[in-house]
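Q: requesting a structural model of the entry that follows:
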Amino acid sequence: MTLTKANIVEAVAEQIGYTKNQSFEMIETLLEIIKRTLESGDDVLVSGFGKFCVKTKHERRGRNPATGEDMMLEPRRVVTFNCSRKLRDKING
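A: Numbers count the residues shown, from 1 in each chain. Below is the predicted model of the structure:
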């Protein structure tokens, strides 16, 4: 089962005792802060969970899979996630 934002809001409401609206606002605010931080190019570190990093990919040669034609891929930024050791150990038992 995939964990959705609605599931997170519901879990926060149940475990902390907030209303669903309060939980929704809290989760939305948290996600907006993370998005703005990543957009500015900074990393987000959540202790015991992992680190979201912004990496720059340079222009490179690629291939159109539909036609097989060579093309240049434009430079871009991507977000990567590095799992913390604590989380990795918990996942692996």
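Q: what residues sit buried inside the longest helix anywhere in the chain?
A: Counting residues, the longest helix found in the chain (DSSP state H) is helix 20-39. The neighbour-count check on helix 20-39 (16 or more other CB atoms under 10 Å) flags S23, F24, M26, I27, L38 as buried. Backbone N, C-alpha and C define where each C-beta goes, glycine included.
Q: what helices or strands is that helix leaning on?
A: helix 5-16, strand 44-46, strand 50-57 (3 or more CB pairs under 8 Å, 6 or more residues apart in numbering; DSSP states H and E).
Q: so T67: helix, strand or coil?
A: coil (DSSP: H, G, I helix; E, B strand; the rest coil).
Q: look up how far E74 lies from it.
A: In this view, T67 and E74 are 18 Å apart by CB to CB, to the nearest Å.
Q: next: C83.
A: 29 Å.
Q: the two: which is more packed in?
A: The residue with more neighbours, out of C83 and E74, is C83; 13 against 10, by other CB atoms under 10 Å.
Q: got the domain boundaries for this structure?
A: As recorded under automatic domain parsing, the domains making up the chain are 1-40, 42-93.
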